[in-house]
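Student: sequence isn't available, so here's the structure alone:
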């Protein structure tokens, strides 16, 4: 056990950059429920401090560190509540945590750390009288921060810093041509996606699958859209005298890949069984409504049965309010959640009594692993589960679109339309009016043979019914006028 008076090993700059921790308040610690896993708060990326409170006799400070081989190790820092053995304050626990982080044996195996704050600015400071791509992006992001949703603005910022800033920000905007766009396409194709703490790598193009190339194309199209808006913004403001920079920005056609990661009802039951009590309510709400986690987190008691048999969902992602209708069991579920609460109370709260925001991520990932589901299944997959279940049951696409809050059926048709094939088959077999009495009798005579043919086609899971393997990420027909150089780069990658 380290002495409480140990010297502080965090620099002033480091301490100033640490996020606030609610566990510095004893009352917040006492309000924590008992559970086997500690309650952690981020200090730096890969460095956490938390409270371990498994029962009424144990409540300790705990530090956690990410190692170079991507595993976590923990250390007890002392009691957080006085239970007859004294207690350690938050400041002392923080000192002990950083002493452990900086100890030679730990530093030798620790993953590199950095501030846990999110990126908020472009990674360059363009200077000079020549108006460059960097100037245009900086000016556009100033507008985007006000005009776009926080999530949309942040996603654009990450894409800009990753793909555009390193090699294209110094180019004078008036001199940006289709050749630079071709260079950007090659860079996107050769840049692997980055997950978590992974470093950026450049795999060989011939190693990419059709799905991977499809994702690279979508990234490229997102960058083209960002640059086009930034360059048009510069043109509108009189920063450039030529339209060429933004007129040369053309997207590449890409075939749509339907969503296939959603759950059957038995898989939903396994997931629910692996959830904590509060997370189980959140997951059930997602399955019953198809709402996003941000929409569910904002639900209040007064939104339930608000002038209709369902729930009122507030404006989200710059979309308008909408009403989501519910089945009887779904309405019963939400009414039970309302019991004992006032109209303005939030309907769904975390296991710690907090409003759901982003703290569901780690809990949901753990539940997915425990349930034996695909590791890339995230909470948003419940929205796909909801929509796919309705489409497979024969609900019309316009009804599904309205339930999800889409302006039209295009997104639903592109994403889930392949599931409607199963329903279409059933409808044609049973709904077409008889034409020939003789062949009706022939069908009755061959009923066993017809059923055998139908049963043979049902061997695949209903989620992939009548699905064909993708051979190319390029659609058969396209009206997009892509630059020849950009098209050749992606086409060559598919033919390797």
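Tutor: Here it is on my side, so go on. Because the structure is a prediction, the values reported are computed rather than measured. Residues are numbered from 1 along each chain as shown.
Student: now the strands for the stretch 301-450 of the chain?
Tutor: Listed in chain order, the strands of the stretch 301-450 of the chain (DSSP state E, counting those that start in this stretch) span residues 310-313, 322-325.
Student: and of these, who's closest to residue 428?
Tutor: strand 322-325 (28.0 Å; Cβ to Cβ). In short, each C-beta sits where N, CA and C put it, glycine included.
Student: now the strands of the stretch 301-450 of the chain in JSON lines, with distance to residue 171 and mean neighbour count?
Tutor: Output for the strands of the stretch 301-450 of the chain, formatted as JSON lines (distance: least, Cβ to Cβ, whole Å; neighbours: other Cβ atoms under 10 Å):
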{"stretch": "strand 310-313", "distance to residue 171": "44", "mean neighbour count": "22"}
{"stretch": "strand 322-325", "distance to residue 171": "44", "mean neighbour count": "17"}
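Student: look up how far residue 279 lies from residue 366.
Tutor: With distances taken as Cβ to Cβ, to the nearest Å, residue 366 is found 9 Å from residue 279.
Student: tell me which of the two has more neighbours.
Tutor: Neighbours were counted for residue 366 and for residue 279 using other Cβ atoms under 10 Å; residue 279 has more, 23 against 15.
Student: pretty sure the more buried one sits in a strand.
Tutor: No. When DSSP: H, G, I helix; E, B strand; the rest coil is applied, residue 279 is found to be helix, with no strand at that position.
Student: what about the closest residue to residue 270 other than its chain neighbours, neighbour count?
Tutor: Sequence neighbours aside, residue 371 is the residue nearest to residue 270 in space, at 4.1 Å (criterion: Cβ to Cβ, 6 or more residues apart in numbering). For residue 371, the tally of surrounding residues (other Cβ under 10 Å) stands at 18.
Student: ok, residue 121 next?
Tutor: Residue 121 has 11 neighbours, counted by other Cβ under 10 Å.
Student: cool, residue 99 as well?
Tutor: Other residues close to residue 99 by other Cβ under 10 Å number 18.
Student: please report the distance of it from residue 77.
Tutor: Applying Cβ to Cβ to residue 99 and residue 77 gives a distance of 10 Å.
Student: chain center to the lengthiest helix in the chain: distance?
Tutor: Ranked by number of residues, the top helix in the chain under DSSP state H is helix 210-236. Its chain's C-alpha centre and that of helix 210-236 lie 19 Å apart, by Cα atoms, centre = their mean, to the nearest Å.
Student: so what does the helix or strand following that helix touch, helix or strand wise?
Tutor: Along the chain past helix 210-236, the next helix or strand (assigned with DSSP states H and E) turns out to be helix 244-247. With contacts defined as 3 or more Cβ pairs under 8 Å, 6 or more residues apart in numbering; DSSP states H and E, helix 244-247 has these neighbours: helix 210-236.
Student: same question for the helix it packs on, mean pLDDT?
Tutor: Mean pLDDT, helix 210-236: 91.
Student: mind giving me the packing neighbours of it?
Tutor: Counting contacts by 3+ Cβ pairs under 8 Å, 6+ apart, the secondary-structure elements packed against helix 210-236 are helix 133-147, helix 150-159, helix 178-190, helix 244-247, helix 484-495.
Student: buried residues in that helix?
Tutor: Going by neighbour count (16 or more other Cβ atoms under 10 Å), the buried part of helix 210-236 is 210, 212-224, 226-235.
Student: do stretch 322-339 as well
Tutor: Neighbour-count burial for stretch 322-339, counted by 16+ other Cβ under 10 Å, picks out 322, 324, 326, 330-331, 333-334, 337-338.
Student: would a markdown table of those residues with pLDDT be doable?
Tutor: Supplementary listing: the buried residues of stretch 322-339 in a markdown table, determined by pLDDT from 0 to 100:
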| residue | pLDDT |
| --- | --- |
| 322 | 89 |
| 324 | 92 |
| 326 | 92 |
| 330 | 92 |
| 331 | 92 |
| 333 | 93 |
| 334 | 93 |
| 337 | 92 |
| 338 | 92 |
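Student: how far off centre is stretch 375-395?
Tutor: On the basis of Cα atoms, centre = their mean, stretch 375-395 is displaced by 15 Å from the centre of the chain it belongs to.
Student: residue 270 is in what secondary structure piece?
Tutor: helix 265-273.
Student: avg pLDDT for that helix?
Tutor: pLDDT averaged over helix 265-273 equals 93, rounded to a whole number.
Student: try stretch 109-118
Tutor: Regarding stretch 109-118, the rounded mean pLDDT is 78.
Student: now do that stretch: distance to the chain's middle.
Tutor: On the basis of Cα atoms, centre = their mean, the separation between the geometric centre of stretch 109-118 and that of its chain is 21 Å.
Student: now swap in stretch 170-184 and tell me
Tutor: The mean C-alpha position of stretch 170-184 is separated from the chain mean by 31 Å, Cα atoms, centre = their mean.
Student: ok, residues contacting it?
Tutor: By Cβ atoms under 8 Å, 6 or more residues apart in numbering, the list of residues contacting stretch 170-184 from outside reads 130-136, 163-164, 167-168, 220, 223-224, 231, 234, 239-242, 244-245, 248-250, 483, 485-486, 489.
Student: select only the buried ones of those residues in PyMOL?
Tutor: PyMOL command restricting the contacts of stretch 170-184 to the buried ones, with burial defined by 16+ other Cβ under 10 Å:
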select buried, resi 131+132+133+134+135+136+163+164+168+220+223+224+231+234+240+244+245+248+249+250+483+486+489
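Student: what is the neighbour count of the closest residue to residue 144 other than its chain neighbours?
Tutor: Nearest residue to residue 144, sequence neighbours excluded (Cβ to Cβ, 6+ apart): residue 153, at 4.9 Å. Residue 153 has 17 neighbouring residues, counting by other Cβ under 10 Å.
Student: relative to residue 483, how far out is residue 153?
Tutor: In this structure, residue 153 and residue 483 are 28 Å apart, going by Cβ to Cβ.
Student: the helix holding residue 270 packs against which elements?
Tutor: The criterion is 3+ Cβ pairs under 8 Å, 6+ apart, and the helices and strands that helix 265-273 contacts are helix 277-289.
Student: how about residue 74, secondary structure?
Tutor: Using three-state DSSP, the structure places residue 74 in strand.
Student: residue contacts, the residue lying closest to residue 109 once chain neighbours are set aside?
Tutor: In space, not counting the residues next to it along the chain, residue 109 is nearest to residue 67; the distance is 5.0 Å by Cβ to Cβ, 6+ apart. Applying Cβ under 8 Å, 6+ apart, we find residue 67 in contact with 73, 109-111.
Student: now do residue 67, the pLDDT please.
Tutor: With respect to pLDDT, residue 67 has a value of 90.
Student: how many neighbours does the closest residue to residue 232 other than its chain neighbours have?
Tutor: What sits nearest to residue 232 in space, not counting adjacent residues and going by Cβ to Cβ, 6+ apart, is residue 246, at 5.0 Å. Residue neighbour count, defined by other Cβ under 10 Å, stands at 20 for residue 246.
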